[in-house]
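Engineer: Got a predicted structure plus its sequence, pasted below:
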2 protein chains.
Amino acid sequence: MIQFYAPDIEKELCLPEGESGHCCRVLRKKEGDEIIVTDGKGHRFICEIIKDNPKRTELKIKGKETFKLERNYSLTLAVAPTKNADRMEWLAEKAVEIGIDRIVLIRCERSERKVLRPERLLKVMISAMKQSLSTFLPLISEDKPFKDFINEDFGMAQKFLGYCSDLYPRKSFVKECSPGREVVVMIGPEGDFTEKEVEKAVEKGFMPVTFGDKRLRTETAGIFAVAAVDVINQLQNT
Amino acid sequence: MIQFYAPDIEKELCLPEGESGHCCRVLRKKEGDEIIVTDGKGHRFICEIIKDNPKRTELKIKGKETFKLERNYSLTLAVAPTKNADRMEWLAEKAVEIGIDRIVLIRCERSERKVLRPERLLKVMISAMKQSLSTFLPLISEDKPFKDFINEDFGMAQKFLGYCSDLYPRKSFVKECSPGREVVVMIGPEGDFTEKEVEKAVEKGFMPVTFGDKRLRTETAGIFAVAAVDVINQLQNT
């Protein structure tokens, strides 16, 4: 099954340009063919192609299905972009496949890369959503200063800070993370968070944690956290 | 801390060519400098540079430390190479960082890529071992036919087969995988295992499993399995 992405399909009744090209040029879909489209907001549409224009494929909606996220937890991953942009792209791809609600790129004191091409990361995430046949596109927030992020209102969420140094007492992420909860995890840049950053995060209720006794790269720590939260919640559900 | 890799250091008392170049040319280490070297077999050596030759750095061993793997489990991941070689490389890198004992590239009926450049994959694994300051280099077996792999003697290991179709009843990997055990996980090619392959594997004691309700790419299923085994074992240790 192939799923196309059109965030505003109900309003615009067409596929965006890139998706139109894929549909009409690459897959050679024609007028009258049926295709499956998601808006990334939990809906899937059965559509008939009215005009097979590879720039703007016009559609008629013939059916609509509404999905609810089956998980009883949510996960926000805030990560300092790595020097190498590819590593961030695969983290985003894998996180969307395994399951995540929001990715935040944070700007830390020791961030080596401050900016990523946002359109590239979003493209990777859309493609991962389509590949895994999900109808939910996670949110992405770009270039958020560390201070703004820790000051967000996360309600009752469990908040963790992956920290490499032992300047602060750290607990085990895997053991502290509870199933069925909102979880927020922050992962620092290659050079780690500064002491001052850790201090401020702790003040705001973030718990410094370790992911085990290994030294993980930034993006490996990120994907490990995403998988761990999924495993912990799967173990809970019986 | 930087760690160099020399598999036969005790016999040869020098760094291999690539490592020598990195040591003497890139890092400009000189005669008399001390460096840290691992043989990938659980040993770490403090060495003095006797001759700073960027093709063959000669060393004198001044100290030797022996490590034992701290985990009480072991993990073999057998995976059918993906069409895209990069995806296999990052799977190998991440698996080494998080923790694995052996990676086996299996040749399945529906394998799209039969061969990978072995030297490239090994290079990625060595670099991941160095990066995570481990002294254990996992084994890699290349291009193993499916049949040969399932006929290996895995002793008392728990054996799993990640399977996408529901032609066979599948259990939850996360729930079936026990801590403190040897674990073997097989991941199929992009087109999945054939029914015949699943049948044969089941005969040999492999349990068909699912990693959750998501559709994961081959390499994502691989890294998810590696992370899950680590999480399950971390949760056990108190």
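Structural biologist: Great, that's in hand. Numbers count the residues shown, from 1 in each chain, chains lettered A, B, ... in the order given.
Engineer: Could you use CA atoms for every contact and neighbour count after this?
Structural biologist: Fine.
Engineer: ok, which residues in chain A are in contact with chain B?
Structural biologist: Within chain A, the positions near chain B by CA under 8 Å from any CA of the partner chain are A:94, A:97-98, A:131-133, A:174-175, A:212, A:214-216, A:220, A:224, A:227-228, A:231, A:234-235.
Engineer: Mind giving me the PyMOL command for buried ones among those residues?
Structural biologist: Buried residues within the residues of chain A next to chain B, by 16 or more other CA atoms under 10 Å in any protein chain shown, are selected in PyMOL with:
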select buried, chain A and resi 94+97+98+131+132+133+174+175+212+215+216+220+224+227+228+231+234
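Engineer: Am I right that A:K214 is in contact with B:S132?
Structural biologist: Yes. Assessed by CA atoms under 8 Å, A:K214 is found in contact with B:S132 at 6.5 Å.
Engineer: what residues are shared contacts of the two?
Structural biologist: B:E97 (CA atoms under 8 Å, 6 or more residues apart in numbering or on different chains).
Engineer: Please work out the average pLDDT along the strand or helix carrying A:D230.
Structural biologist: Per DSSP states H and E, A:D230 falls inside helix A:218-236. In this model, helix A:218-236 has an average pLDDT of 96.
Engineer: any idea of the angle it forms with helix B:218-236?
Structural biologist: 70 degrees (axes from the mean of the first three to the mean of the last three CA atoms, to 10 degrees).
Engineer: Tabulate the CA atom coordinates of helix A:218-236 in PDB.
Structural biologist: Output of helix A:218-236 as PDB, limited to C-alpha atoms (Å, rounded to 0.1, in the frame of the first residue of the first chain):
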ATOM      1  CA  THR A 218      24.000  12.200  20.500                       C
ATOM      2  CA  GLU A 219      21.800  10.600  17.900                       C
ATOM      3  CA  THR A 220      22.300   7.100  19.300                       C
ATOM      4  CA  ALA A 221      21.200   8.300  22.700                       C
ATOM      5  CA  GLY A 222      18.100   9.800  21.000                       C
ATOM      6  CA  ILE A 223      17.100   6.600  19.300                       C
ATOM      7  CA  PHE A 224      17.800   4.500  22.400                       C
ATOM      8  CA  ALA A 225      15.500   6.800  24.400                       C
ATOM      9  CA  VAL A 226      12.700   6.400  21.800                       C
ATOM     10  CA  ALA A 227      13.000   2.600  21.700                       C
ATOM     11  CA  ALA A 228      13.300   2.400  25.500                       C
ATOM     12  CA  VAL A 229      10.000   4.300  26.000                       C
ATOM     13  CA  ASP A 230       8.300   2.100  23.500                       C
ATOM     14  CA  VAL A 231       9.600  -1.100  25.100                       C
ATOM     15  CA  ILE A 232       8.700   0.100  28.600                       C
ATOM     16  CA  ASN A 233       5.100   0.800  27.400                       C
ATOM     17  CA  GLN A 234       4.900  -2.500  25.500                       C
ATOM     18  CA  LEU A 235       5.900  -4.400  28.600                       C
ATOM     19  CA  GLN A 236       3.200  -2.700  30.600                       C
END
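Engineer: what stretches of chain A score poorly on pLDDT?
Structural biologist: Where chain A drops to pLDDT under 70, the residues are A:114-116, A:238.
Engineer: what about the strands in it?
Structural biologist: A:3-5, A:34-38, A:43-51, A:58-66, A:74-79, A:102-107, A:139-145, A:158-162, A:171-172, A:182-187, A:207-210 (DSSP state E).
Engineer: who does the fifth one touch, helix- and strand-wise?
Structural biologist: I take that to be strand A:74-79. Where contact means 3 or more CA pairs under 8 Å, 6 or more residues apart in numbering or on different chains; DSSP states H and E, strand A:74-79 is packed against strand A:102-107, strand A:182-187, helix A:218-236.
Engineer: Neighbouring strands - and their directions - for it?
Structural biologist: Within its sheet, strand A:74-79 is paired with strand A:102-107 (parallel), strand A:182-187 (parallel), according to DSSP bridges.
Engineer: Can you mark which positions in the first one are buried?
Structural biologist: Read it as strand A:102-107. For strand A:102-107, using 16+ other CA under 10 Å, the buried residues are A:R102, A:I103, A:V104, A:L105, A:I106, A:R107.
Engineer: Make sure the third one is actually in contact with A:I140.
Structural biologist: Yes. At 5.8 Å, A:V104 counts as touching A:I140 under the criterion of CA under 8 Å.
Engineer: Find the nearest non-adjacent residue to A:I187, please.
Structural biologist: With CA to CA, 6 or more residues apart in numbering or on different chains as the criterion, A:I187 has its nearest non-adjacent residue at 4.7 Å, and that residue is A:V79.
Engineer: Next: A:V226.
Structural biologist: In space, A:V226 is closest to A:A95, 6.3 Å off (CA to CA, 6+ apart).
Engineer: got a list of what A:I35 touches?
Structural biologist: A:I35 sits next to A:I2, A:Q3, A:F4, A:I46, A:C47, A:E48, A:I49 when contact means CA under 8 Å, 6+ apart.
Engineer: Of those - the most surrounded one?
Structural biologist: Ranked by neighbour count (other CA atoms under 10 Å in any protein chain shown), these have A:F4 at the top, with 25 neighbours.
Engineer: What distance do you get for that residue to A:C14?
Structural biologist: 11 Å (CA to CA, to the nearest Å).
Engineer: Surely A:P16 is in contact with A:N53?
Structural biologist: No. Using CA under 8 Å, A:P16 is not in contact with A:N53, being 10.7 Å away.
Engineer: Could you pull up phi and psi at A:I100?
Structural biologist: Here is the backbone geometry of A:I100 (degrees, to the nearest 10): phi -160, psi 160.
Engineer: That one - how many residues pack around it?
Structural biologist: Look at A:I100: counted by other CA under 10 Å, it has 23 neighbours.
Engineer: Nearest residue to it in space, please, no chain neighbours.
Structural biologist: Excluding the flanking residues, the one nearest A:I100 by CA to CA, 6+ apart is A:L75, at 5.4 Å.
Engineer: likewise A:R120?
Structural biologist: Computed as CA to CA, 6+ apart, the closest residue to A:R120 that is not its neighbour in sequence is A:E89, at 8.0 Å.
Engineer: Would you mind listing the residues in contact with that neighbour?
Structural biologist: A:E89 makes contact with A:R120, A:L121, A:V124, according to CA under 8 Å, 6+ apart.
Engineer: In this structure the last one contacts A:A95, no?
Structural biologist: No. With contact defined as CA under 8 Å, A:V124 does not reach A:A95; the gap is 10.8 Å.
Engineer: More neighbours: which of these two?
Structural biologist: Neighbour count, other CA under 10 Å: between A:V124 and A:A95, A:A95 has more, with 25 against 18.
Engineer: Just send the strands of chain A back as a markdown table, with distance to B:P189 too.
Structural biologist: Converted to a markdown table, those look like this (distance: least, CA to CA, whole Å):
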| stretch | distance to B:P189 |
| --- | --- |
| strand A:3-5 | 21 |
| strand A:34-38 | 25 |
| strand A:43-51 | 28 |
| strand A:58-66 | 31 |
| strand A:74-79 | 29 |
| strand A:102-107 | 29 |
| strand A:139-145 | 30 |
| strand A:158-162 | 34 |
| strand A:171-172 | 34 |
| strand A:182-187 | 32 |
| strand A:207-210 | 33 |
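Engineer: how about those, which one is nearest B:N84?
Structural biologist: Distance to B:N84, taken as CA to CA, is lowest for strand A:3-5 among those, at 21.8 Å.
Engineer: All set now, cheers.
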